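> next one to model:
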Amino acid sequence: MNYKVFDDAILLKLLKAGDGAALEEIYFRYSETVFVSALKKVRHKEIAEELVQNLFIRLWVKREELNIQQLE
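Have a look, this model is predicted:
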């Protein structure tokens, strides 16, 4: 299945259902933006990378509990 064609709302539904490929697509779409934002705040590359990693791990672990309305 080509997840690139799905909009964010569909990806969120798939993520909540436990679809790891949906998380991967969300990561590819948003990890760079999240990294740049984190880097501006912490001003340390390694810490920003770790924050991004932790965010996406938490997104997966808490996927059933989270009430995300919009990914951006």
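
> mind listing what L12 touches?
Residues near L12 by Cβ atoms under 8 Å, 6 or more residues apart in numbering: 22, 68, 71. Using the backbone N, CA and C atoms, a C-beta is placed for each residue, glycine as well.

> can you count the residues close to the second one?
In terms of burial, I68 registers 14 neighbours under the definition other Cβ atoms under 10 Å.

> and the closest residue to D8 other than its chain neighbours, how many neighbours does it have?
Spatial nearest neighbour of D8, excluding adjacent residues (Cβ to Cβ, 6 or more residues apart in numbering): L71 at 4.5 Å. For L71, the neighbour count with other Cβ under 10 Å is 15.

> now Q70
When counting by other Cβ under 10 Å, one arrives at 7 neighbours for Q70.

> from A21, how far off is the residue of the chain positioned farthest from its centre?
For the chain, the largest distance from the centre (Cα atoms, centre = their mean) belongs to R43, which lies 20.9 Å off. Distance of R43 to A21, given as Cβ to Cβ, to the nearest Å: 34 Å.

> which strands and helices sit next to the longest helix anywhere in the chain?
Ranked by number of residues, the top helix in the chain under DSSP state H is helix 20-42. When contacts are defined as 3 or more Cβ pairs under 8 Å, 6 or more residues apart in numbering; DSSP states H and E, helix 20-42 packs onto helix 8-16, helix 45-61.

> reformat those helices as CSV; add mean pLDDT and distance to F35.
Shown next, in CSV, are the helices and strands packed on helix 20-42 (pLDDT from 0 to 100; distance: least, Cβ to Cβ, whole Å):
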stretch, mean pLDDT, distance to F35
helix 8-16, 96, 18
helix 45-61, 98, 5
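
> which of the ones you listed sits most buried?
Of all these, helix 8-16 has the most neighbours on average by mean count of other Cβ atoms under 10 Å, namely a mean of 17.

> send the alpha carbons of it over as CSV?
Provided in CSV are the C-alpha atoms of helix 8-16 (Å, rounded to 0.1, in the frame of the first residue of the first chain):
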residue,chain,number,x,y,z
ASP,A,8,-3.1,13.1,7.6
ALA,A,9,-6.6,12.2,8.9
ILE,A,10,-6.4,8.7,7.3
LEU,A,11,-2.8,8.3,8.6
LEU,A,12,-4.0,9.1,12.1
LYS,A,13,-6.8,6.6,12.0
LEU,A,14,-4.3,3.9,10.7
LEU,A,15,-1.8,4.9,13.4
LYS,A,16,-4.5,4.5,16.1
